[in-house]
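> Return a 3D structure for these sequence lines:
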Amino acid sequence: MATTKNYTKNYVGKGTQVKGMEIVKITLKVEELLKHQYEFNGQMLVTMEVAKTKQADKFEKPHTVYVTTVEEVKKAKK
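This is a model prediction of the structure:
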């Protein structure tokens with residue numbers, strides 16, 4: 001059987017760009033973030049992605065923060 005990869009974006013927070021700067025300030029839910037921690041070289045890490053949304057949310061935050069997880073899925077041969 002061959003395998004394919006499924007990528008899942010897990011929402012962990014929102015952000016907004018700091019006026020006049022190239023900085024995006026983000027707010028994260030710590031309990032959600034800790035679900036995605038992993039160990040590398042003896043340190044606990046979390047890898048995140050910050051993306052600009054098409055439209056700001058009701059709190060005027062135009063950026064969203066994701067942790068992407070990868071799942072190997074077995075695919076039946078045809």
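
> what's the distance between the residue nearest the centre of the chain and residue 41?
Nearest to the centroid of the C-alpha atoms of the chain, with distances taken as Cα atoms, centre = their mean, sits residue 66, at 1.6 Å. Computed with Cβ to Cβ, to the nearest Å, the distance linking residue 66 and residue 41 is 24 Å. Where C-beta positions appear, they are placed from N, C-alpha and C, glycine not excepted.

> ditto for residue 76
In terms of Cβ to Cβ, residue 76 sits 37 Å off from residue 41.

> got it, and residue 50?
Between residue 50 and residue 41 the distance is 24 Å, computed by Cβ to Cβ.

> So between the two, which is more surrounded?
Counted by other Cβ atoms under 10 Å, residue 50 and residue 41 do not tie: residue 50 has more neighbours, with 13 against 5.

> can I get the CA coordinates of the helix or strand harbouring that one in PDB?
Here residue 50 sits within strand 49-52, counting by DSSP states H and E. C-alpha atoms of strand 49-52 as PDB (Å, rounded to 0.1, in the frame of the first residue of the first chain):
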ATOM      1  CA  GLU A  49       2.300  29.600  10.600                       C
ATOM      2  CA  VAL A  50       0.900  33.200  10.500                       C
ATOM      3  CA  ALA A  51      -1.300  34.000   7.600                       C
ATOM      4  CA  LYS A  52      -3.200  37.000   6.500                       C
END
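
> So in that sheet, which strands flank that strand, and in what orientation?
Sheet pairing of strand 49-52 (DSSP bridges) gives strand 63-75 (antiparallel).

> Only the buried residues of the partner strand, if you could.
63-67 (16 or more other Cβ atoms under 10 Å).
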